[in-house]
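Engineer: fold the following.
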Amino acid sequence: MTVAGTGTTFPALAAARLRALRRMKLFAGGLLVLALAVYVVCRAVGDGEGAWGYVQAAAEASMVGGLADWFAVTALFRHPLGLPIPHTAIIPEKKDQIGEGLASFVRQYFLTTEIVAERVAAARVPQRVGHWLAEPAHARRLAEELSNAISGTAHVLRDDEIRDSVASFVDKRLRETDFSPLLAKLIDAVCDAGQHQKALTSALKGTRHFLDQNRAVFRQRVGEESPEWVPEWLDERVFNKGFSLLQAFLGDVVSDPDHALRKGYDTQLRTLAERLRSDPEQIAKVEAAKLELLDHPDIRGHLANLWSSAKQMLLTGAADPDSELRRSVESLTVRVGEVLRDDPTAGAKVDEALQRLAGHIATHYADDLTDVISTTVARWDTEETSRRLEMQVGRDLQFIRINGTVVGALAGLAIYTIAQFF
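Structural biologist: As a prediction, the model looks like this:
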């Protein structure tokens, strides 16, 4: 695994930190050894007299400071020299309490509603997501991933169970739905749009054309029904007259948008719509027709095949990069991205929703989230925990030893110098 922004793997980083820690330990230990060596030389050569006394005092205090700080730093991670001295090996001994304290600290100062909402607002999630989604390449990638997810999900599902469930659900919904008001609304919409008059015009034109195409058939039928004593020429004349009157009437209705037949047709349809809303008898007829239709074997077969048809259509559309489904998903994704990116109102609404969601999570699930810290630390081995923490902060702690050695030397020198005047 690579550490973000560094290009360095975790094992390599751990090894580098271990090497740095060892170097700092050697340096701090070397200063302590140096102080000891200076002290020994002072004792052997000068025996604490004259200038050697100043150096000896500094070396002596330096050793005391270095040893004290070595003890303090070491006591954090282990027992110094392996001796079970009280209040040492603090981290291994207090590992679980440290984990709980860290979890409590995070919960109290990080996972609060105000802080979480502030960070969510500062992240500008809607705008950043919008910029990403508005890129056609990203929208295409998202559509591809969604298609793969659809295909994978569809192949995992059991077709027989889904098919029966879909068929049962649709059948139940259709049986529970009152079709009469829906038909009434449909009739009103058709009438308001004038589509019923267009349909009537088409029907009348078709009727006229049908009559023209079958004129000989109708003439023959009239001749067969006419009494034998009626002359042929009279039959012909009567038929021609009646046929012409019928065609002329149909032509008048077709050409006149205000014809009385059209108005009557409109009135009949609107009356039917009203009856579908208020007439119990008419409503019962529609309901009976609906149930009879749903019980028909062909309809039940179509309901049973709904899932198979929908699945096949979905899989085909998902697999084809140029399908209408994929293009629609890409177009919708880009549009959503543009709205989030460019519309401050939409972005503010999404941001507000995200802040509320984050606040809800922080309020109700902060304990669950921070429990991850305490439970994870509790599972760690004590020695491993100490080793990990020392690897993280041990190098900086060695400066305490170095500073203790140096400051001890300066303090010892200062104290010895002052003492010479008294």
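Engineer: pLDDT weak spots in this structure?
Structural biologist: The chain contains residues with pLDDT under 70 at 1-11, 46-48, 157, 230, 422.
Engineer: the residue lying farthest from the centre of it: what secondary structure?
Structural biologist: Distance from the C-alpha centroid of the chain, by C-alpha atoms, centre = their mean, peaks at W229 (88.8 Å). Assigned state for W229: coil (three-state reduction, DSSP: H, G, I helix; E, B strand; the rest coil).
Engineer: distance of it relative to R221?
Structural biologist: 19 Å (C-beta to C-beta, to the nearest Å). The C-beta positions use only the backbone N, C-alpha and C, and glycine is treated the same way.
Engineer: cool, and L204?
Structural biologist: Distance from L204 to R221, by C-beta to C-beta: 22 Å.
Engineer: among these two, which residue is more densely surrounded?
Structural biologist: L204 (19 against 12; other C-beta atoms under 10 Å).
Engineer: got the CA positions of the helix or strand where that one lies in CSV?
Structural biologist: L204 is part of helix 195-213, with elements assigned from DSSP states H and E. This file holds the C-alpha atoms of helix 195-213, laid out as CSV (Å, rounded to 0.1, in the frame of the first residue of the first chain):
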residue,chain,number,x,y,z
GLN,A,195,-58.0,14.3,-29.9
HIS,A,196,-61.4,12.7,-29.9
GLN,A,197,-62.5,14.9,-32.8
LYS,A,198,-59.4,14.0,-34.7
ALA,A,199,-60.2,10.4,-34.1
LEU,A,200,-63.8,10.9,-35.3
THR,A,201,-62.5,12.6,-38.4
SER,A,202,-60.2,9.7,-39.2
ALA,A,203,-63.0,7.2,-38.6
LEU,A,204,-65.4,9.1,-40.9
LYS,A,205,-62.8,9.4,-43.6
GLY,A,206,-62.1,5.7,-43.3
THR,A,207,-65.8,4.9,-43.4
ARG,A,208,-66.2,7.0,-46.6
HIS,A,209,-63.3,5.2,-48.2
PHE,A,210,-64.6,1.8,-47.1
LEU,A,211,-68.0,2.6,-48.7
ASP,A,212,-66.4,3.7,-51.9
GLN,A,213,-64.3,0.5,-52.0
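Engineer: which is the next helix or strand following it?
Structural biologist: Downstream of helix 195-213, the next assigned helix or strand under DSSP H and E is helix 215-225.
Engineer: tilt between that following helix and helix 195-213?
Structural biologist: Using axes from the mean of the first three to the mean of the last three C-alpha atoms, to 10 degrees, the inter-axis angle of helix 215-225 relative to helix 195-213 is 70 degrees.
Engineer: now do helix 215-225: everything it contacts.
Structural biologist: With C-beta atoms under 8 Å, 6 or more residues apart in numbering as the test, helix 215-225 has contacts from L211, E232, D235, E236, V238, F239, F243.
Engineer: pull out the buried positions in whichever helix or strand comes after it.
Structural biologist: The element immediately downstream of helix 215-225 (helix or strand, assigned by DSSP H and E) is helix 232-255. For helix 232-255, a neighbour-count test (16 or more other C-beta atoms under 10 Å) marks D235, F239, F243, L250, V253, V254 as buried.
Engineer: just stretch 162-170 next, same as before
Structural biologist: Buried residues in stretch 162-170 (16+ other C-beta under 10 Å): I162, R163, V166, A167, V170.
Engineer: for the longest helix belonging to the chain, packing partners?
Structural biologist: Ranked by residue count and defined by DSSP state H, the top helix of the chain is helix 382-419. Counting contacts by 3 or more C-beta pairs under 8 Å, 6 or more residues apart in numbering; DSSP states H and E, helix 382-419 is packed against helix 10-41, helix 51-77, helix 90-93.
Engineer: repeat that with 10 Å
Structural biologist: helix 10-41, helix 51-77, helix 90-93, helix 95-109, helix 344-379 (3 or more C-beta pairs under 10 Å, 6 or more residues apart in numbering; DSSP states H and E).
Engineer: can you add distance to S331 and give the ones you listed back as JSON lines?
Structural biologist: Converted to JSON lines, these look like this (distance: least, C-beta to C-beta, whole Å):
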{"stretch": "helix 10-41", "distance to S331": "42"}
{"stretch": "helix 51-77", "distance to S331": "60"}
{"stretch": "helix 90-93", "distance to S331": "57"}
{"stretch": "helix 95-109", "distance to S331": "43"}
{"stretch": "helix 344-379", "distance to S331": "17"}
